[in-house]
Every structure is written in structure tokens, then in C-alpha cells.
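Novice: The following block contains a protein sequence and its predicted model.
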Number of protein chains: 2
Amino acid sequence: MPIFMADNSNDRMSIQLINHISKHVSIGKKDLESVAGFFTPVQAKKKEDLVTEGMHCRYNYFVVKGCLRMFFLTEAGTEQTIQFALENWWMTDLEAFNKSRNASFTVQAIEPCELLAIDKTSTEKMLAMHPIMERYFRMIYERAYSASLSRIQYIFQFSKEDFYLHFSNTYPEFVQRIPQKILASFLGFTPEYLSELRGKRVKAGKAGKD
Amino acid sequence: MPIFMADNSNDRMSIQLINHISKHVSIGKKDLESVAGFFTPVQAKKKEDLVTEGMHCRYNYFVVKGCLRMFFLTEAGTEQTIQFALENWWMTDLEAFNKSRNASFTVQAIEPCELLAIDKTSTEKMLAMHPIMERYFRMIYERAYSASLSRIQYIFQFSKEDFYLHFSNTYPEFVQRIPQKILASFLGFTPEYLSELRGKRVKAGKAGKD
DNA sequence: TTAGCTTCTTAAACCAGCTTAAGTTTTTTC
DNA sequence: GAAAAAACTTAAGCTGGTTTAAGAAGCTAA
């Protein structure tokens, strides 16, 4: 179970959410404070599940600090990572969250995380009280949708080797930050093959410093 | 170039958009008529491009009738289909549409289509005048985002053969309706391999009527 | 500070799906 | 309604990436 933090963390964490909302929509200070009041600060440990595949999906999470990933279990029993959420991204199993179905995905902390959580009822109240937040989320989901389409484009565009090279050139710090096993499960190949690719690069003298 | 239709088609086509909006949000008749006024009816012929990769992406399209697909050209020069839009779905290259960038994708009519088109300026005016439409689009993009994640899940979950079987069992009429070449480019394999899979099923006596 | 667990590496054998190529059928166009 | 173009089929040979297996190296916890 995630730890629900004492109220005084709320202020610091809320500021980040408030800043993010302000970047996207015009909204007054009072409204922002009211919006922030709908969220509960949550602390998650490394490898802790925030949403569990097959279980009720109660919260939508805003990442204040740390990194989440979303994955599911394939029939073969391996974890397939679908996407990551870094600071200022939202993550939950949206369909399960909205329709009160059991989750199809697990959301898990890769690192120790600070999160802001909101449940469905609070989301609806918050949207009814602050309709401008519909606009904020419309923009957030447009962006998430575009990102997801780009991911599909990359999956088909590149061979697995090129997909790895492209990803590790585009996000070199991030690649350092996460376990290789998780990276392999995101890129859609076996850890063994990733290891082979890394070996190939090192031998070819193309590796970065370590 | 798409054909922009005479105004009297507008009524019939708008009704479908109006019904769709009404299903998602509470909105009065007058507002609905005002919203509909922001759209232009468009007729597209089979194989006609509505958005072209590399070109300016002026419109967002609501499908009244027919079927659109979104694709891009891989480096190898083959078309890779990303998604389809049937009746009551929206389609455009969202990122290009929003940020006035050149399109990364082509949107093409698979069948003769009736569409409602709206440009960026009109979209903004419409949203400013009818903020409830932010809610409508928030829901639309949530759904589109979820659908896109499911697609990623399927891509990784299934072998190519199982992916084909799953898709053709889930949408048998749709599979009949579109060219095999396009289906193959959606499932991510060669037309030759699709043909082989079909042959295999027919021989095994598992084929449907034709 | 050692035992146990998880992650990472290496390498050989294997196979799903691609490429190529040539023929057939369907659709489009004039 | 004939010719051209596009879509579909079939089959052989090949390759990118998986599987399997076994060992090495890093972490984590008492």
C-alpha cells in the first residue's frame, strides 16, 4: 500500500501541479488552490505497485518526482512495459479508472516517487466545480494520445536494433537511470538481445562513458 | 482536393455530429446548432488524401460516413497504417493540426466518405464560445488514448499470426471491407505473409463464407 | 560479510516472418 | 471491352531476433 503523506507535504507538492496547470490554462489563484485540495499526496517506494493488473483502479496519479512505468503480463508470463511517466506526467489505467473496471495494466514505481492522487468521484467534483480543468485535461490527453501514436510509429519504423539506438541516443540519461531489463521490456525484446546489442556497441567503440 | 459540399448537405450530416455530442455531454439545442455551424461538409473519394505527410495539416475531420486510415511511409518506402476511423470517429494529425507543423502522417479515405471538417481557428472560436465542448473533446481524446494503448498492448502481446486471427475474429465485417494490403500494413507484416496465413486457414477449414 | 536473489553476459541452435521472384486474378481506365 | 495497373498467391531461401543454458557480477538483507 502506498503511504499517504501528512498534510504539510501537500503544499510543496501541490505547487508543482499548480505550476503545470498554469502553463496550460488561464486560471486564478483561488481556483488553483481549490483544485489542489482535491488531491492527496502519496509516497511510493521503488517497485511498489500503484495500480495492479486485475484489481480495482482507484486513483489517477500526477508525478511530482520520480518515475512510473505501466506494464502488463504477456501470456508467456513476461512483463511488457507500455510507457513511462516522469515529472509532470499523469498515469493510471484510464479505462479502468473511468469505467470502474479492473485494471488491464500495472502501474509501478521504478524509483522512489512523490505523487498526487485523485479518485474518480473527486475528479468529477473537481471538474464540475472548475470547468476550466476540462480544457487542461483535454490538452493533456491530446498530448498523451499523440505520444502514443508516435510510439506506434517508432515500433513499426525501426528494426529492434535501430529502435534501441534511437531511444538511447534520444534519452541517454534516462537509459542510464533504469534497469536494462525494463528497457528491454519497453523496446519489445529480450534482455539477452539487449545485452548483445550493448556488447556490439562497446566493441565498436561507440559507447558513452560509464 | 476534397470537394466542399453545398450547404444543404450540412443539415443531414450535422445531425450525426449533434447526436454524437449529445451522447457525451449535456448541451442545449441552440448551442448544438451553433457548434455545427463551425463545420464544413466535405466529400472524399476513395484513395483521396485529406492530410498529406510533409504538408500543412489544416483540418480535423469527423467521419459521418465511410472509413479513413492514417499511415506513414517507412524508410523502406512501404506504407505503415497506424489506425482507422469509422463513423463517429475523429481523425487528423493532431500534433501537426495543433502546432501548425507539417504532418507526420497521411490521412486517406479507404472508401468514399462524408466528413465534417474544422480548422484550428474555428476550433478555438468554437471552444471559447462553447466551453462544454472542452469536456466533449476531453472524453474523445481519453478514449482515443486508451485505444492507442490497447493497440500497443496487442502489438506486443500477440505473434503476428495470432494478431491477425484476433483482429479478424473481432472485426470480421471490417476485414471483408478493406483491401488485404492495407490490413497487412496495419497488422505490421507483408501482404505475402498475410496471404500465406489466409491460405493456411482456408486449408484447415476454418474460413468463413465468402 | 556472507548467503541468496536478481540482473547481466555470452554463445549456440533454432524459427517466425521477410525477401525475392514469378504467376494469377481483380480492378481501373480509356 | 481491351489493355494496363494494381492486388493477391505461392514457394524457396534467408536472417533478425528468440530460446535455452550456464556462468559472472551486483544488490539486499540478516
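Specialist: Perfect, thanks for sending it.
Novice: now residue A:23: how far from residue B:180?
Specialist: Here the distance between residue A:23 and residue B:180 works out to 46 Å (C-beta to C-beta, to the nearest Å). C-beta here means a position set from N, CA and C on the backbone, and glycine is covered the same way.
Novice: I meant residue A:72, not that one.
Specialist: According to C-beta to C-beta, residue A:72 stands 29 Å off from residue B:180.
Novice: So between these two, which is more surrounded?
Specialist: More crowded of residue A:72 and residue B:180, by other C-beta atoms under 10 Å in any protein chain shown: residue A:72, with 21 against 12.
Novice: hang on, that one in a helix?
Specialist: No - counting by DSSP: H, G, I helix; E, B strand; the rest coil, residue A:72 falls outside a helix, being strand.
Novice: In contact with it, which residues?
Specialist: Neighbouring residues of residue A:72 by C-beta atoms under 8 Å, 6 or more residues apart in numbering or on different chains: A:53, A:79, A:80, A:82, A:104, A:105, A:106, B:153, B:157.
Novice: Next, please give the residue ranges for the helices of chain A.
Specialist: For chain A, helices defined by DSSP state H occupy the ranges A:7-24, A:29-36, A:94-99, A:120-129, A:132-157, A:160-170, A:172-177, A:180-187, A:191-203.
Novice: would you turn the ones you listed into TSV with mean pLDDT and distance to residue B:167?
Specialist: What follows is the helices of chain A, written out as TSV (pLDDT from 0 to 100; distance: least, C-beta to C-beta, whole Å):
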stretch	mean pLDDT	distance to residue B:167
helix A:7-24	84	36
helix A:29-36	94	41
helix A:94-99	96	19
helix A:120-129	97	31
helix A:132-157	96	15
helix A:160-170	93	23
helix A:172-177	89	33
helix A:180-187	94	23
helix A:191-203	84	27
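Novice: what about the spatially most central residue of chain A, distance to residue A:170?
Specialist: The residue lying closest to the centre of chain A (C-alpha atoms, centre = their mean) is residue A:85, at 2.2 Å. Separation of residue A:85 from residue A:170 (C-beta to C-beta): 17 Å.
Novice: Next to DNA strand C, which bits of chain A? Give me the list.
Specialist: Taking C-beta under 7 Å from any atom of the strand as the measure of proximity, chain A contacts DNA strand C at A:179, A:180, A:181, A:191, A:192, A:194, A:195, A:196, A:198, A:199.
Novice: could you redo the last one with a cut-off of 6 Å?
Specialist: Applying C-beta under 6 Å from any atom of the strand, one finds that chain A approaches DNA strand C through A:179, A:180, A:181, A:191, A:192, A:195, A:196, A:198, A:199.
Novice: Which among these count as buried?
Specialist: Among those, not one counts as buried by 16 or more other C-beta atoms under 10 Å in any protein chain shown.
Novice: Can I get those in JSON lines including distance to DNA strand D?
Specialist: JSON lines is the format used below for those (distance: C-beta to the nearest atom of the strand, whole Å):
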{"residue": "A:179", "distance to DNA strand D": "10"}
{"residue": "A:180", "distance to DNA strand D": "11"}
{"residue": "A:181", "distance to DNA strand D": "12"}
{"residue": "A:191", "distance to DNA strand D": "8"}
{"residue": "A:192", "distance to DNA strand D": "4"}
{"residue": "A:195", "distance to DNA strand D": "9"}
{"residue": "A:196", "distance to DNA strand D": "6"}
{"residue": "A:198", "distance to DNA strand D": "13"}
{"residue": "A:199", "distance to DNA strand D": "12"}
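Novice: For residue A:33, which residues are in contact?
Specialist: When contacts are counted by C-beta under 8 Å, 6+ apart, residue A:33 touches residue A:18.
Novice: can you tell me how far it sits from DNA strand C?
Specialist: Between residue A:33 and DNA strand C the computed distance is 41 Å (C-beta to the nearest atom of the strand, to the nearest Å).
Novice: ditto for residue A:143
Specialist: Applying C-beta to the nearest atom of the strand, the value for residue A:143 to DNA strand C is 30 Å.
Novice: again, but for residue A:70
Specialist: Distance from residue A:70 to DNA strand C, by C-beta to the nearest atom of the strand: 17 Å.
Novice: Pairing partners for that residue in the sheet, please.
Specialist: For residue A:70, the beta-bridge partners under DSSP bridges are residue A:83, residue A:107.
Novice: I'd like to know how many residues surround it.
Specialist: Residue A:70 has 26 neighbours, counted by other C-beta under 10 Å.
Novice: Hmm, it is touching residue A:82, no?
Specialist: Yes - with contact defined as C-beta atoms under 8 Å, residue A:70 counts as touching residue A:82 (4.7 Å).
Novice: any common contacting residues for the two?
Specialist: Listed as contacting both residue A:70 and residue A:82 by C-beta under 8 Å, 6+ apart are residue A:105.
Novice: Can you verify my assumption that residue A:139 contacts residue A:23?
Specialist: No - at 9.8 Å, residue A:139 does not count as touching residue A:23 under the criterion of C-beta under 8 Å.
Novice: who has more neighbours, the two?
Specialist: residue A:139 (18 against 10).
Novice: what's the burial count for the closest residue in space to that one that isn't next to it in sequence?
Specialist: Of all residues beyond its chain neighbours, the one nearest residue A:139 is residue A:24 (5.2 Å), with distances taken as C-beta to C-beta, 6 or more residues apart in numbering or on different chains. Burial measure for residue A:24: 16 neighbouring residues, criterion other C-beta under 10 Å.
Novice: And the one 5 residues further on, by the same measure?
Specialist: The local packing count at residue A:29 equals 9, with neighbours defined by other C-beta under 10 Å.
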